[in-house]
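Q: What shape does this take:
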Amino acid sequence: MLRDRWKTDTAAPSLHSAGKRAGSLAQPQSRASNGLDQFFSSIKDETSLSILDLAGASQANISFLLNRGHRLASEDVVSAISQCFGPGEDLEPQQQISLAQRFLDQTLNFPPESFDGALVWDSLQFLASPLLEQTVDRLLRVMRPGGLILAFFHADEKTSSIPVYHYRIQDQKTLLLTPRGTRRQVQYYNNRSLERMFEKAHSLKFFLTRDHLREVIVRR
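A: Numbers count the residues shown, from 1 in each chain. The predicted structure is shown next:
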């Protein structure tokens, strides 16, 4: 697996502190994303790609991708986590085989090699092992060889609770984040742990920012 680290110098506020401020007011916030920019720059010369959005159906994201000649399928993985395991402070339900299987039965049920790209956003970071590894295996299985995955992981090891957002694409470089509560941080993800998570992928690129968010592009 190849690894690249791109250090960016974005001036976005801390998403943890910004999330608490925005959460109390329920106000969306704009955020520049170098990972998003790289994701779409990598497919700028291609059309008719199949893209998977794991933040749920969004007219903004649908319009953005359709205007570029791509197709979009949507699932809301964070909502599925809440429905199957509860609001997020207790991780024990994820260890129950029946509940974990219920989650897997309703998540990423697509034929192998269905997608050229996946906008995973922050959904994977709320899953505990071994369910996390099973979900990543399923995600990689539905990606076509060479397909791209964009995923976000909070990188503040001092916090126990992290904000959850709806992700809406404003333009190629900018996201609109709408708070949707908080969930317990399952673990702290550094570059090495993400490499282990995606060890079956071809390559990873890390985008290191000033705020507590680690953006990762995975190439299947």
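
Q: quick one: secondary structure of Leu177?
A: strand (DSSP: H, G, I helix; E, B strand; the rest coil).

Q: Count the neighbours of it for me.
A: 24 (other CB atoms under 10 Å). Just so you know, the C-beta spots here come from the backbone N, C-alpha and C atoms, and that holds for glycine as well.

Q: Flag the shaky bits of this structure, pLDDT-wise.
A: For the chain, the stretches with pLDDT under 70 are 1-26, 88.

Q: residue nearest the centroid of it?
A: By CA atoms, centre = their mean, the mean C-alpha position of the chain lies nearest to Trp121, the distance being 2.0 Å.

Q: which ones are touching that one?
A: 54-55, 150-152, 165, 167 (CB atoms under 8 Å, 6 or more residues apart in numbering).

Q: Out of these, which comes closest to Thr182?
A: Closest approach between the contacts of Trp121 and Thr182, by CB to CB: Tyr165, at 10.3 Å.

Q: ok, how many other residues are close to the closest one?
A: There are 24 residues near Tyr165, going by other CB under 10 Å.

Q: That one reaches Arg180, doesn't it?
A: Yes. Counting by CB atoms under 8 Å, Arg180 is a contact partner of Tyr165 at 6.1 Å.

Q: coming back round to it: who does the residue nearest to the centre of the chain form a beta bridge with?
A: Ala151 (DSSP bridges).

Q: And the helices in this structure?
A: 15-25, 34-42, 59-66, 77-85, 97-105, 131-142, 191-197 (DSSP state H).

Q: okay, those in TSV with mean neighbour count and distance to Lys205 next?
A: Listed next are these as TSV, based on neighbours: other CB atoms under 10 Å; distance: least, CB to CB, whole Å:
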stretch	mean neighbour count	distance to Lys205
helix 15-25	16	20
helix 34-42	19	7
helix 59-66	15	21
helix 77-85	19	22
helix 97-105	14	28
helix 131-142	18	16
helix 191-197	14	11
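
Q: gap between the most far-flung residue of the chain relative to its centre and Asp105?
A: Taking CA atoms, centre = their mean, the residue of the chain most remote from its mean C-alpha position is Ser98, at 24.8 Å. Note on Ser98: its distance to Asp105, by CB to CB, to the nearest Å, is 10 Å.

Q: that older thread, show me the one of the helices of the chain that comes nearest Arg184.
A: Closest among the helices of the chain, using CB to CB: helix 77-85, at 10.8 Å.

Q: helices and strands around the closest one, which ones?
A: If contacts are counted by 3 or more CB pairs under 8 Å, 6 or more residues apart in numbering; DSSP states H and E, helix 77-85 sits against helix 97-105, strand 174-184.

Q: Dig out what Leu204 forms beta bridges with.
A: Counting by DSSP bridges, Leu204 forms beta bridges with Arg3, Val218.
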